[in-house]
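Q: Here's my sequence, what's the structure:
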Amino acid sequence: MTFEEMENMLDEIACEIPKEFYRDLNGGILLLPDLKHHPESKQTGELFIMGEYHNDRKGYGGLGRYITIYYGSFMRLYSNITPERLRDELKKVLIHEFTHHLESLAGQRDLEIKDAIELMGYRHRFKIRGRK
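A: Presented below is the predicted three-dimensional model:
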């Protein structure tokens, strides 16, 4: 799938998400060409970041709240699956990042905690010590 095809697919999925979810998501959704490794993957090289929620409020010029999706990471993991299945995976990641956004607006961190627990499981499987 080309970058442009995935961009169109992401736009279609984004249109399915209720408008209320976009409240204060002033930076929108960005598809970046990058393949992004998780910092913890240095020892295994297997842990990729598919998407991220950003809440950049650092003074004037901050980008605000936005979601990034990494085309390169998707292509590394899912280049051999059907477009329908890729769409499902893309939607799953986008909903995950929207959940971070909505929890941030509500002052909650449940998904952030769940992600941290899953990362601890990854570390345990590969016997990686946590970052300090």
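Q: tell me the phi and psi of the residue nearest the centre of the chain?
A: The centre of the chain sits closest to Gly51, judged by CA atoms, centre = their mean, with a distance of 1.7 Å. Dihedral angles of Gly51 (phi, psi; degrees, to the nearest 10) stand at phi -160, psi 160.
Q: Enumerate every residue touching it.
A: Neighbouring residues of Gly51 by CB atoms under 8 Å, 6 or more residues apart in numbering: Ile67, Thr68, Ile69, Tyr70, Val93, Leu94, His96, Glu97. Every C-beta, even on glycine, is put in place using the N, C-alpha and C of the backbone.
Q: Read off the pLDDT value for it.
A: Here, the pLDDT recorded for Gly51 equals 98.
Q: Give the bridge partners for it, please.
A: Ile69 (DSSP bridges).
Q: other SSEs contacting the longest helix along the chain?
A: In terms of residue count, the longest helix belonging to the chain (DSSP state H) is helix 83-106. For helix 83-106, the packing partners by 3 or more CB pairs under 8 Å, 6 or more residues apart in numbering; DSSP states H and E come out as helix 3-16, strand 51-56, strand 64-70, helix 71-78, helix 110-126.
Q: hey, which of these is tucked in deepest?
A: Mean neighbour count (mean count of other CB atoms under 10 Å) peaks for strand 64-70 among the helices and strands packed on helix 83-106, with a mean of 20.
Q: what angle do it and strand 51-56 make?
A: If you take axes from the mean of the first three to the mean of the last three CA atoms, to 10 degrees, strand 64-70 sits at 160 degrees to strand 51-56.
Q: Quick one: list the elements packing against strand 64-70.
A: Using 3+ CB pairs under 8 Å, 6+ apart: strand 64-70 touches strand 28-32, strand 51-56, helix 83-106.
Q: Could I get the average pLDDT for that strand?
A: On average, strand 64-70 scores 96.
Q: And the contacts of it?
A: Residues outside strand 64-70 that contact it (CB under 8 Å, 6+ apart): 10, 24-32, 34-36, 48-57, 90, 93-94, 97-98, 101, 104.
Q: so where is this protein shaky, pLDDT-wise?
A: For the chain, the stretches flagged by pLDDT under 70 are 42-45, 58-61, 127-132.
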